[in-house]
Every structure is written in C-alpha cells, then in structure tokens.
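Participant: Let me see the structure of the following:
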Amino acid sequence: MKTDISESKTKRWIVFIWLNDSNVFTSVRILLWSNIINKINHEHIISSILMIDQCKNESFLNMVERLSLKINSKFMDKCSTEYIETMKNLLYHSVYNKQKNEENNDLLIDFYSACKDFKLENYIVTSMSSQQKVHLTDDLYSQLHTFAIQFSNIVSNDLSNEFDIIHICDSQKKYQCEMFSILTQILYPSYSSIKQYFIPITPVTINKDPISTIYDVKRIYEYLTVFKLQLISRRQQSILYLQTSINNNRDTIFLLYFGARISSILTKFETKKNEGYYPEREIYGNQLTSFLNSKIEQDILIWTNSFDTFVLNQCQLHSTCSTQLHLNVNTIFHETMRFCRRLSPYYSKIRVLTENQSHLLTTMFARLELYQRILNNIRFTLSLLDIPLIERM
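Facilitator: Numbering: from 1, shown residues only. Alright, predicted model coming up:
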C-alpha cells in the first residue's frame, strides 16, 4: 500500500475486517495482519471496522482486548426493518437486477455490467459469474448499512482527504467481500468512486491438524506463540506461510528443545539433592572461571557474561520520542539460536551430573552454574516474545 500525498488532499484508508465465525485460526491471523497494517500506516488508517455482530461474539472480543491488539474497534451496525425495506427496494429495482420477482429473497445481479459501469475491474478480480444469484440475509443488509453509516460519518468529518477501503478477509470470504463492494456501488452511487482493495488470508492446515473452531483463550495464545516463533525465525528474503504448528521449523524446535534439556538437568539435580543424594550446591559467582577446565567452557562463560551488554547494544532510541527505546528482538533471538547450536556438541559430550564423590563435585557444581546462566539467557530471549520456557522434556 502506498499513500498518495498531494498539496491539497491526503489518501486515507478505512479497513474492513471480515472474521470467520467457524475458523478461529484464520480469524486470529486476520486480526494479526490488520494489526500490523494499522501499526505501519497508523497515520493514514482512519478507522478499522469489525464486520461481526458485537452481541454474538462477546468471547472473541474479550480475546481481542486481552491481546491488546491495535484495533480501533467499530462494529457491524444492525439494520432497522424500515432501512432493510428501503435497501431491498433499491436493489430489486436496480438496472443490474435481472430477476424482477420479489416473492423470494434472491437477486440476480449482473456483476459484469456493474463492474464495467463503476470501473471496478481494475481492482476487483472476481470469480463470480457474469450474472449470479445473491441471497439477501440480515447480515448482508447490516454490512451494507454499516458501510453507509461509518463511511458517511468519517467522510463528513474529514472533507480534506481522499479515502480508499481495504478489506481483510479469509480467502473463502473474498467472494463475499467482492459482492459486498459491488452492492455498495449500486446502493450508494455517490460513493461509487471509492476504490476497495482486498487482502485475502488463506486458511492453513498442517499434517491434517484440526483447526480449532472455539474461541478458547488458551488455544488462541498457542496459535500466537506459533506465529511469533515462525515470524522471528524467518530467514531474510524468504516467504513465510504461517502454519498451525512449528513441527517443520527446525531452528525454533531446536531452541525450545535445547532449553528443555538444560532445564531438565538442573531439575534432576534439585530432585536428587532433596532426596539426600547430593549436597547443597556451591555458588562460585565471579570466581566461576577458575573452576571450569576446558577452553570450550571458558568460551561459553564469556558469551553468557557478555549477554547483558549484547542486549543493551540492541537498544536504540525512538526516532521521534526520546523516552522510548526500540529493541532488536530479531538479532537477539538469532544470536541465542546460533550460540545454542555451537553449544550442542559440548552438551552431547559432557556428563554434568556425576557420582557423589568429593573430587567430582567442584566441577559438577561449576557446570551446573554455567548451565543456569545459559538457561537464564534463553528464558530472557523467549520472554521478549512473551513465550514461557519449556521446563522439561
């Protein structure tokens, strides 16, 4: 999307968000992408309108609030009976309706002629046939009513700007959005010059994993965790298809798995200590380097000790606000990932937990302290994405 700025008028966008009542996974992805668009173009997005019934979707809206998504929420307006009759008469008597029988609740709209007359073919690529039946539902009337009310209010309050519309929907609803945009031209010819664009989000299923159809907060957070891990581990110049699981994402799986392996060793030591097998662990602090014998352990310690400085170097002042900092989470994540991969051969060769013999305890305690520092860094990296560490295998 590009914003056209001229001397007299600025292009503004209105975002219509079409959610799928039967597919939570796709709906969450739509909300995430609309959230990204709002953040990127926050100065040019004048309003975001959720095309759902507020009364019927209370649990979903509570989820949106808990996720703190940047959605300037306006909702689909319910139509009065009188308004529905007015719109129905306008559509039935339109030159684009080829079926003049008002006994049923269908129209036969000549989409080809409407697109041609309103010059919509340049930005609507429709799979609809030239003439197609449209079933008139209460929701459809409410959506058309919402367009008229919201758009009229926005335009009347800001006459100095030009407006276009972006529809964010799943691929199955793109047909519905295109039909909606054509019907708005027929019903509201004064807005016929408004261009309407479409961003379809395709549903995804991996390994026949059933996609949730329940607005369950726990499941939603699971999806968001998967999204964040896929986004953060994406390689440059690569295309990302958000999926329901991270089974095929080796980098992410490795980081979570490696953190769980180290955590399980520390937990196992605590369990054996509580059972009386091991004594209380000594903490060496600044003297730790004196108790680590190999060069690889010394290198690992240098990395863990410099991690805080590395993170601070990834902080930058906001370009326009001196009280805000930007943190380069992507760089921190990938550096932690590379470190864990370099550490993996050492982990495979070294036996950390040994027998309870005095000459072995000093080295074991030093390695456990080193592992604790590594785990703290992994936990911190994941916390930047609001993702908890997996504590056990």
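Participant: can you map out the strands along the stretch 101-250 of the chain?
Facilitator: 106-110, 131-135, 162-170, 196-201 (DSSP state E, counting those that start in this stretch).
Participant: Just the helices from the stretch 251-393 of the chain, written as ranges.
Facilitator: 295-313, 329-349, 358-383 (DSSP state H, counting those that start in this stretch).
Participant: who wins for proximity to Leu375 among the strands of the stretch 101-250 of the chain?
Facilitator: strand 196-201 (36.7 Å; Cβ to Cβ). All C-beta atoms are positioned from the backbone trio N, CA, C, and that covers glycine.
Participant: That closest one: partners in the sheet, and parallel or antiparallel?
Facilitator: Here strand 196-201 has these sheet partners by DSSP bridges: strand 162-170 (parallel).
Participant: I'd like the average pLDDT over the strand it pairs with.
Facilitator: What strand 162-170 shows for mean pLDDT is 81.
Participant: Just the buried residues of stretch 74-85, please?
Facilitator: Counting neighbours by 16 or more other Cβ atoms under 10 Å, one finds that the buried residues in stretch 74-85 are Lys74, Phe75, Met76, Asp77, Cys79, Tyr83, Ile84.
Participant: for the record, mean pLDDT for it?
Facilitator: Across stretch 74-85, the average pLDDT comes to 82.
Participant: Can I get that stretch as PDB, trimmed to CA atoms?
Facilitator: Extracted C-alpha coordinates of stretch 74-85, given in PDB (Å, rounded to 0.1, in the frame of the first residue of the first chain):
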ATOM      1  CA  LYS A  74     -16.200  -0.200  15.400                       C
ATOM      2  CA  PHE A  75     -18.700  -3.000  14.800                       C
ATOM      3  CA  MET A  76     -21.300  -4.000  12.300                       C
ATOM      4  CA  ASP A  77     -24.500  -1.900  12.800                       C
ATOM      5  CA  LYS A  78     -27.800  -3.700  13.000                       C
ATOM      6  CA  CYS A  79     -30.400  -2.500  10.500                       C
ATOM      7  CA  SER A  80     -33.900  -1.500  11.200                       C
ATOM      8  CA  THR A  81     -36.800  -3.100   9.300                       C
ATOM      9  CA  GLU A  82     -37.600   0.100   7.500                       C
ATOM     10  CA  TYR A  83     -34.000   0.500   6.400                       C
ATOM     11  CA  ILE A  84     -33.900  -3.100   5.100                       C
ATOM     12  CA  GLU A  85     -37.000  -2.500   3.100                       C
END
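Participant: List the contacts of it.
Facilitator: Contacts with stretch 74-85, where a contact means Cβ atoms under 8 Å, 6 or more residues apart in numbering, come from 47-54, 87, 138-139, 141-143, 145-146, 149-150.
Participant: Could you do stretch 297-311 as well?
Facilitator: By Cβ under 8 Å, 6+ apart, stretch 297-311 touches 288-289, 292, 327, 332, 335, 339, 343, 346, 367, 370, 373-374, 377, 380.
Participant: Buried members of the contacts of stretch 74-85 into ChimeraX, please.
Facilitator: Entered in ChimeraX, the line below selects the buried ones among the contacts of stretch 74-85, by 16+ other Cβ under 10 Å:
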select :47,48,49,50,51,52,53,87,141,142,143,145,146,150
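Participant: Show me how the protein divides into domains.
Facilitator: As recorded under automatic domain parsing, the domains making up the chain are 11-208, 249-383.
Participant: Pick the most buried one from the ones you listed.
Facilitator: By mean neighbour count, with neighbours taken as mean count of other Cβ atoms under 10 Å, domain 11-208 ranks first of the domains of the chain at a mean of 17.
Participant: mind checking how far the residue lying closest to Leu255 once chain neighbours are set aside is from Asn376?
Facilitator: In space, Leu255 comes closest to Met337 once its chain neighbours are excluded; the distance is 5.5 Å by Cβ to Cβ, 6 or more residues apart in numbering. The gap separating Met337 from Asn376 is 16 Å, by Cβ to Cβ, to the nearest Å.
Participant: Also Lys98?
Facilitator: 70 Å.
Participant: Could you do Asp106 as well?
Facilitator: 64 Å.
Participant: Helices of the stretch 101-250 of the chain, residue ranges please.
Facilitator: With DSSP H, counting those that start in this stretch as the criterion, the stretch 101-250 of the chain has helices at 111-117, 138-157, 174-187, 217-232, 250-274.
Participant: What lies in contact with stretch 335-346?
Facilitator: So stretch 335-346 is in contact with 233, 251, 254-255, 258-259, 296-297, 300, 303, 310, 374, 377-378, 381, going by Cβ under 8 Å, 6+ apart.
Participant: got the CA coordinates for that stretch in PDB?
Facilitator: Presented in PDB, the C-alpha positions along stretch 335-346 are these (Å, rounded to 0.1, in the frame of the first residue of the first chain):
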ATOM      1  CA  GLU A 335      22.300 -14.800  18.200                       C
ATOM      2  CA  THR A 336      20.800 -17.000  21.000                       C
ATOM      3  CA  MET A 337      19.900 -19.600  18.400                       C
ATOM      4  CA  ARG A 338      23.500 -19.700  17.000                       C
ATOM      5  CA  PHE A 339      25.000 -19.900  20.400                       C
ATOM      6  CA  CYS A 340      22.800 -22.900  21.300                       C
ATOM      7  CA  ARG A 341      23.800 -24.700  18.100                       C
ATOM      8  CA  ARG A 342      27.500 -24.100  18.900                       C
ATOM      9  CA  LEU A 343      26.900 -25.400  22.400                       C
ATOM     10  CA  SER A 344      25.100 -28.600  21.300                       C
ATOM     11  CA  PRO A 345      28.200 -30.700  20.600                       C
ATOM     12  CA  TYR A 346      29.600 -29.800  24.100                       C
END
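Participant: and that stretch, average pLDDT?
Facilitator: Mean per-residue pLDDT for stretch 335-346: 87.
Participant: now the helix or strand hosting Glu85 against helix 174-187, angle please.
Facilitator: Per DSSP states H and E, Glu85 falls inside helix 81-92. In terms of direction (axes from the mean of the first three to the mean of the last three Cα atoms, to 10 degrees), helix 81-92 departs from helix 174-187 by 90 degrees.
Participant: could you check the angle strand 131-135 makes with helix 81-92?
Facilitator: With the same axes, to 10 degrees defining the directions, helix 81-92 sits at 170 degrees from strand 131-135.
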